[in-house]
Structure formats: structure tokens, C-alpha cells
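[1] here is my input; please provide its structure:
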Amino acid sequence: MFKKGSKLYSIFTGTCPKCHHESMYVNKNPYILSEALNMQDKCSNCGTKYKIEPSFFYGSMYVSYGVGIAFAVAAFVISFFVFNASLISVFIAIVATLIVFMPIILRLSRNIWINLFMHFDKNLVKK
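    The predicted structure follows:
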């Protein structure tokens with residue numbers, strides 16, 4: 001399920017959606033905020049251009065809404081049902097979760113968005 005060749009592998013590792021060989025991002029650490037969304041121009045292995053057209057990643061904003069909701073629901077379930085927190089504590093937990101995981105949510109959204117339009121090509125994999 002998370003092996004090379006699956007979309008989930010590319011989404012969770014941030015690798016090239018066509019060959020799964022290298023990271024799409026200049027810096028693999030999403031918590032260096034000044035470089036969180038800096039992407040390579042193209043893959044050095046297969047030559048795939050990541051920015052298909054100008055403003056291509058604007059669509060990932062819609063995906064980030066859904067990913068953010070998933071993180072917020074997870075924070076709610078854990079804080080309310082597992083820790084039996086009060087509603088104000090649950091609210092604080094949700095806000096803190098969204099702030100702490102913001103760089104990861106942004107990258108996951110971009111990874112999901114580009115993987116909707118590009119597919120793995122096993123012929124491009126280095127042996």
C-alpha cells in the first residue's frame with residue numbers, strides 16, 4: 001500500500017509522482033518555514049516538471065481545507081473522547097493542532113493535488 005509505485009507513497013514522502021525517485025521539495029524539512037513550499041523545478045531523474053502551469057498549486061488550497069478538517073476532527077476525537085477534556089480545552093487543542101501541523105498540511109495538500117494529475121510510470125524507475 002505504501003510501496004513505491006503507489007500514490008500514497010508519493011503523497012506521504014513528497015517524491016516525484018512519476019518516478020518516486022527524489023523529493024519535490026528543496027528542503028525535506030517542512031518546519032523550515034521560509035523554505036516550506038520551495039519546490040524543485042523538475043525531477044533530476046525523469047525530468048518531470050512540477051509546476052505544470054502558472055498558479056497550478058492554487059487548487060491545492062481546496063485540498064488543504066479537507067486535510068485541515070481531517071486534522072481538526074482527529075484532534076477533537078483524541079482530546080474529547082480519549083482525554084475527556086472540556087469544550088474550551090478541545091477548542092484550544094484543535095487550534096494548536098492546526099498551527100503545529102500547518103507546514104505538513106500545506107505539503108500534503110500539494111502532494112495530493114499533483115498526484116491527482118500525474119501518475120507513476122514504472123518505466124522511469126532507476127534500476
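[2] look up how far residue 86 lies from the spatially most central residue of the chain.
    Note on the chain: the residue nearest the mean C-alpha position is residue 108, at 1.0 Å, using Cα atoms, centre = their mean. Residue 108 sits at a distance of 30 Å from residue 86 (criterion: Cβ to Cβ, to the nearest Å). Yep, even glycine has a C-beta here, placed from its N, CA and C like the rest.
[3] from the geometric centre of the protein, which residue sits farthest away?
    Within the chain, residue 86 marks the point farthest from the mean C-alpha position, 30.9 Å out by Cα atoms, centre = their mean.
[4] now the residue nearest to the centre of the chain: which helix or strand?
    Using DSSP states H and E, the secondary-structure element containing residue 108 is helix 102-117.
[5] who touches that helix?
    Judged by Cβ atoms under 8 Å, 6 or more residues apart in numbering, the contacts made with helix 102-117 from elsewhere in the structure are 7, 10-12, 14, 17, 24-25, 30-31, 33, 36-37, 39, 50, 52, 56-57, 59-61, 63-64, 67-68, 71, 98.
[6] just those residues: which are in helices?
    Taking DSSP state H, the ones among the contacts of helix 102-117 that sit in helices are 7, 10, 11, 12, 60, 61, 63, 64, 67, 68, 71, 98.
[7] now restrict those residues to buried residues only.
    Neighbour-count burial (16 or more other Cβ atoms under 10 Å) is assigned, among the ones in helices among the contacts of helix 102-117, to 7, 10, 11, 60, 63, 64, 67, 68, 71.
[8] thinking again about what came up before, run the chain-centre distance for the helix holding residue 108.
    Taking the mean of its C-alpha atoms, helix 102-117 sits 3 Å from the chain's own mean (Cα atoms, centre = their mean, to the nearest Å).
[9] also stretch 83-93?
    27 Å.
[10] ok, residues contacting that stretch?
    Applying Cβ under 8 Å, 6+ apart, the set of residues contacting stretch 83-93 from outside is 75, 76, 78, 79, 80.
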